[in-house]
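Visitor: have a look at this prediction, sequence included:
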Amino acid sequence: MAFFDAAAIQVDQQAAIADAAGADGDSQCTLSWTDLGYDRYDVYWHTSSGFTQTQALTAGNVAQDKTSPYAITGLTNGNTYYAIITGFVDGVETAFSNEVTMNPSGSGEMNVLLLGVG
């Protein structure tokens, strides 16, 4: 079990998940990350790299209160998607995780690309 100082996390929004990764599949991508002991985790995705939270919410591309691993389904094979994960402690959301690039395909191959937190 991870121990953390909730007050410090509320002040320091940089306590983001730094090891998000994805495994591509047929019409889906499975994301994984290290559980840092937060109250919950939300997953956001979009077709634009560097997307904003508002863009993901407007497109309906958010899954709340998820655990690792989490599969985003219903994706279009051949399209590129980008995903981030946030954690919550006492109702306060962390900064975005590193952005994960997802390329679902029907071939069954797995592609993983990690981009650093900006």
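Guide: That came through fine. Numbering: from 1, shown residues only.
Visitor: can you read off the pLDDT for the closest residue to Thr80 other than its chain neighbours?
Guide: Distances taken as Cβ to Cβ, 6 or more residues apart in numbering put Asn103 closest to Thr80, at 5.5 Å, once the chain neighbours are dropped. Every C-beta, even on glycine, is put in place using the N, C-alpha and C of the backbone. Looking at Asn103, its pLDDT reads 93.
Visitor: C-terminal to the helix or strand of the chain with the lowest mean pLDDT, what's the next element?
Guide: When each helix and strand of the chain is scored by mean pLDDT, DSSP states H and E, helix 6-11 comes last, with a mean of 40. Using DSSP states H and E, the next helix or strand after helix 6-11 towards the C-terminus is strand 21-25.
Visitor: who does that following strand pair up with?
Guide: Neighbouring strands of strand 21-25 in its sheet, by DSSP bridges, are strand 28-32 (antiparallel).
Visitor: just give me the longest strand of the chain.
Guide: For the chain, the longest strand by residue count, based on DSSP state E, is strand 81-89.
Visitor: just to revisit the earlier point, tell me the contacts of the residue nearest to Thr80?
Guide: Shown in contact with Asn103 (Cβ atoms under 8 Å, 6 or more residues apart in numbering): Asp24, Cys29, Gly78, Asn79, Thr80, Tyr81, Asn111.
Visitor: isn't the fifth one right up against Thr47?
Guide: Just to be clear, that refers to Thr80. Yes - in this structure, Thr80 is within contact of Thr47 by Cβ atoms under 8 Å, at 6.9 Å.
Visitor: which neighbours do these two have in common?
Guide: Contacts common to Thr80 and Thr47, judged by Cβ under 8 Å, 6+ apart, are absent.
Visitor: isn't Thr67 right up against Thr34?
Guide: No - counting by Cβ under 8 Å, Thr67 stays clear of Thr34, with 11.6 Å between them.
Visitor: Ser48 - that's part of a strand, no?
Guide: No - applying DSSP: H, G, I helix; E, B strand; the rest coil, one finds Ser48 to be coil, outside a strand.
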